[in-house]
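Pasting the sequence and the predicted model now:
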Amino acid sequence: MTHDETIIPNNARAVCGKELPPCHPEHLNSGSILLFYQYIEDPIWTKAQHKAALKKVIEIGTKFDITGRGRVAAEGLNCTLTGKPSDIRSFCYALREWDDVFNETDFKITDGVKRDKLFKALSIRKTNELVAYGLAGDKAPSLKKFAGEHLEA
């Protein structure tokens with residue numbers, strides 16, 4: 001860790017179903033990076049829902065000037081995104097408003113990213129698999145059935 005880095009323990013805590021951590025005032029004029037995935041199970045999205053999810057994520061991302069990369073598959077959403085701290089948080093809350101399943105999402109936000117390090121554009125792709133492991137959504141092992149217990153940092 002360098003002298004200009006700060007560890008914020010509250011930002012390491014799970015945010016599933018909780019308010020997102022506020023941005024520290026010193027980072028308000030910098031950028032933020034957002035990492036998250038959300039699996040959809042029992043059942044996976046239909047073709048129509050998959051298409052609608054792709055459209056909605058792009059719509060929300062565009063509304064809040066979000067940049068970065070994401071994958072939308074029938075089994076869920078996986079993204080690495082950047083933007084202003086307030087816009088990143090607005091994006092997360094908009095996902096929660098759109099679909100309750102995103103209340104289960106553990107959004108990981110890192111503030112204080114230099115603006116020149118942010119992604120330049122938004123690229124959200126419709127894919128057959130959320131993670132390229134060679135199993136289509138209905139053949140992938142159930143996370144609900146095989147998940148471990150989440151421990152707090």
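Yes, it's here.

Does the residue sitting nearest the centre point of the chain lie in a helix or a strand, and which?
The residue lying closest to the centre of the chain (Cα atoms, centre = their mean) is Phe36, at 3.2 Å. Per DSSP states H and E, Phe36 falls inside strand 31-39.

Paired strands for that strand, with orientation please.
Taking DSSP bridges as the criterion, strand 31-39 forms sheet pairs with strand 76-83 (antiparallel), strand 108-113 (antiparallel).

Tell me which residues of the first one come out buried.
Okay, so that is strand 76-83. Buried residues in strand 76-83, defined by neighbour count with 16 or more other Cβ atoms under 10 Å: Gly76, Leu77, Asn78, Cys79, Leu81, Thr82, Gly83. (Each C-beta comes from the backbone N, C-alpha and C, glycine too.)

Only C-alpha atoms, please: export the top helix by length along the chain in CSV.
For the chain, the helix with the greatest residue count under DSSP state H is helix 47-63. In CSV, the C-alpha atoms belonging to helix 47-63 read as follows (Å, rounded to 0.1, in the frame of the first residue of the first chain):
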residue,chain,number,x,y,z
LYS,A,47,-35.0,-15.6,-24.1
ALA,A,48,-37.3,-12.6,-23.8
GLN,A,49,-36.1,-11.8,-20.3
HIS,A,50,-32.5,-12.2,-21.3
LYS,A,51,-33.0,-9.7,-24.2
ALA,A,52,-34.9,-7.3,-21.9
ALA,A,53,-32.1,-7.5,-19.3
LEU,A,54,-29.5,-6.6,-21.9
LYS,A,55,-31.6,-3.6,-23.0
LYS,A,56,-32.2,-2.5,-19.4
VAL,A,57,-28.6,-2.7,-18.2
ILE,A,58,-27.5,-0.6,-21.2
GLU,A,59,-30.3,1.8,-20.6
ILE,A,60,-29.4,2.3,-16.9
GLY,A,61,-25.7,2.5,-17.7
THR,A,62,-26.3,5.1,-20.4
LYS,A,63,-28.5,7.1,-18.1
